[in-house]
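Asker: Compute the structure for the input listed below.
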Amino acid sequence: MSIIKIDMNSPEFQERMEKTIKFTDKVVAQFGWEYNPQQEVNEGVQMGLARNKMMYGKLFCPCFMVEEKDGKYQSVDNRTCPCTPAIEKEIPEEGKCHCGIFCTPEYAARQRLELGMEEAVHTHSRGLTKEECEALVEQSEIDGDELIALLEARELGMVNFSLVDVREHMEWQMGHIKGADHLIPTSSFFQTWDEARLNKDDNIIVYCHVGSRSAHVARILTDMGYSKISNLTYGIVAYGGEKER
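Answerer: The predicted structure follows:
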């Protein structure tokens with residue numbers, strides 16, 4: 001089968017796009033949903049819906065394959081927008097449909113917060129808000145820029161957490177992140193962890209050289225009942241902030 005090519009600049013496609021946008025507007029209003037805060041997600045799905053309508057005559061969800069059976073086109077998993085799996089399961093349970101265009105208001109609000117937070121920490125265009133700090137420190141994985149932003153926020157009293165180095169003492173002496181609160185080497189982990197007296201409901205960020213040992217420690221702590229553990233994903237080697245010797 002040859003590739004079907006549709007000219008996105010053609011009057012036919014532009015007319016179909018207008019109708020598709022009106023359709024998705026109607027769906028959002030009907031179910032009390034919101035669009036995804038990432039406009040490029042919505043545009044991509046709307047274009048896919050318009051394309052499928054032109055190709056197959058139905059608004060099949062663009063994230064799923066379309067098959068031809070007995071001379072008729074049908075979507076895998078009965079995915080015709082707004083699809084039953086999204087209405088009955090995905091949006092109620094996950095906050096968004098599989099394609100990502102339709103969200104609950106709560107999910108959309110979280111996404112807007114995370115998008116603004118991500119822009120702030122990676123461009124340093126502004127300081128984090130207290131709400132952004134609290135959301136960021138609860139993520140299971142953070143990167144170097146995010147840790148820098150959190151340490152700055154902690155200096156201002158906007159967030160509280162403990163930063164734990166799980167490397168060995170020699171590595172600590174060679175250089176550790178400025179602001180680290182504890183050295184708890186993996187070779188003597190349980191004994192030194194008990195001595196640190198960290199509460200199970202504290203926000204705790206762990207790091208090592210490249211992130212593998214600290215990821216293992218994070219899993220152990222989770223199994224021990226600690227509920228707010230974050231791992232510095234790529235370790236101190238990818239950390240661009242200030243270090244001490």
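Asker: what packs against the helix of greatest length in the chain?
Answerer: Of all segments of type helix in the chain, defined using DSSP state H, the longest is helix 11-31. With contacts taken as 3 or more CB pairs under 8 Å, 6 or more residues apart in numbering; DSSP states H and E, helix 11-31 sits against strand 34-35, helix 39-56, strand 102-103. All C-beta spots, glycine's among them, are computed from the backbone N, C-alpha and C.
Asker: Any chance of the ones you listed in CSV with mean pLDDT as columns?
Answerer: Formatted as CSV, the helices and strands packed on helix 11-31 follow (pLDDT from 0 to 100):
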stretch, mean pLDDT
strand 34-35, 95
helix 39-56, 87
strand 102-103, 96
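Asker: among these, which is the most enclosed?
Answerer: The highest mean neighbour count among these, using mean count of other CB atoms under 10 Å, belongs to strand 102-103: a mean of 26.
Asker: I'd like to know which elements the very next helix or strand once past that one is packed against.
Answerer: With elements assigned by DSSP states H and E, the helix or strand that comes after strand 102-103 is helix 105-123. Contacts defined by 3+ CB pairs under 8 Å, 6+ apart place helix 105-123 against strand 34-35, helix 130-137, helix 144-155.
Asker: could you give the angle of helix 105-123 to helix 144-155?
Answerer: 100 degrees (axes from the mean of the first three to the mean of the last three CA atoms, to 10 degrees).
Asker: buried residues in helix 105-123?
Answerer: By neighbour count on 16 or more other CB atoms under 10 Å, the buried set for helix 105-123 is 107, 108, 111, 113, 116, 117, 120, 121.
Asker: Any buried residues in stretch 170-184, and which?
Answerer: Neighbour-count burial for stretch 170-184, counted by 16+ other CB under 10 Å, picks out 171, 172, 176, 177, 179, 180, 182, 183, 184.
Asker: Assign residue 68 to helix, strand or coil.
Answerer: The three-state assignment at residue 68 reads strand, by DSSP: H, G, I helix; E, B strand; the rest coil.
Asker: What is the neighbour count of it?
Answerer: For residue 68, the count of nearby residues is 10 (other CB atoms under 10 Å).
Asker: Now do it, the pLDDT please.
Answerer: Looking at residue 68, its pLDDT reads 78.
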